[in-house]
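> Quick one, structure for this:
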Amino acid sequence: MSLFAFKKPIESNAQVVSDLDALVAEPIAFRFQGKLHEIKPISTLELLRFTNAFAQLQQLNQKSDTISVEELIDAYTSVISSVCPTITREHVKDMTQAQVSALFQLVMDSVVGKAHAQPGVGSEDSKKKQSSGQT
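I've put the predicted structure just below:
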């Protein structure tokens, strides 16, 4: 007898709350300094890298003494580049506070499955439609 007894799925009238199959579909693209960057769906190993970098950022924020700008840049770079390797320390250093915050939120939303690719955003077709007044 098997240790795991797989039973026939129970039919239910329950509503689907979340479609986990849809979460791995598309990379999330964003533009910075005129270049398109992508946050690709990540593997479990990459999730571990992200989690470690995020934990280090949280520890830095909990330090009792003052955090230097350099430490903060390094910590944000570590978190962001763990899922988007095209973003470098220099990129983070060049960003405004609003840009770093927006990218950090996009990274968080991507990792937890809240961000979804928007078809046509940033594409050549989208630019043509915008310049001709179409949406």
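> for the residue most central in space within the chain, phi and psi?
In the chain, the residue lying closest to the centroid (C-alpha atoms, centre = their mean) is V107, at 2.5 Å. Backbone torsions of V107, given as degrees, to the nearest 10, read phi -60, psi -50.
> How about the contacts made by it?
If you count contacts by C-beta atoms under 8 Å, 6 or more residues apart in numbering, V107 has them with 39, 79-80, 83-84. To be clear about C-beta, it is placed using only N, CA and C from the backbone, and glycine gets the same treatment.
> which two from those residues end up farthest apart in space?
I39 and V79 (11.7 Å; C-beta to C-beta).
> who's more crowded, these two?
V79 (27 against 22; other C-beta atoms under 10 Å).
> Quick check: nearest residue in space to that one, chain neighbours excluded?
Closest residue in space to V79, ignoring its immediate chain neighbours: A53 at 4.5 Å, by C-beta to C-beta, 6 or more residues apart in numbering.
> Could you tell me how far the one you found is located from V17?
Distance of A53 to V17, computed by C-beta to C-beta, to the nearest Å: 29 Å.
> more crowded one of the two?
A53 (19 against 6).
> Tell me how far the residue nearest to the centre of the chain lies from A14.
Counting by C-beta to C-beta, the gap from V107 to A14 is 32 Å.
> now swap in N52 and tell me
36 Å.
> cool, N61 as well?
40 Å.
> who has more neighbours, those two?
N61 (10 against 7).
> show me the contacts for the more buried one.
N61 makes contact with I67, according to C-beta under 8 Å, 6+ apart.
> Got the phi and psi for it?
According to degrees, to the nearest 10, N61 has phi -70, psi -20.
> And for S81?
phi -70, psi -20.
> hang on, it packs against I87?
Yes - contact criterion C-beta atoms under 8 Å: S81 and I87 qualify, at 5.4 Å.
> more neighbours, these two?
Just comparing S81 and I87: by other C-beta under 10 Å the higher neighbour count belongs to I87, 23 against 19.
> got TSV for the contacts of V107, with distance to D65, pLDDT and secondary structure too?
Formatted as TSV, the contacts of V107 follow (distance: C-beta to C-beta, whole Å; pLDDT from 0 to 100; DSSP: H, G, I helix; E, B strand; the rest coil):
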residue	distance to D65	pLDDT	secondary structure
I39	33	91	strand
V79	21	94	helix
I80	24	94	helix
V83	29	91	coil
C84	30	94	coil
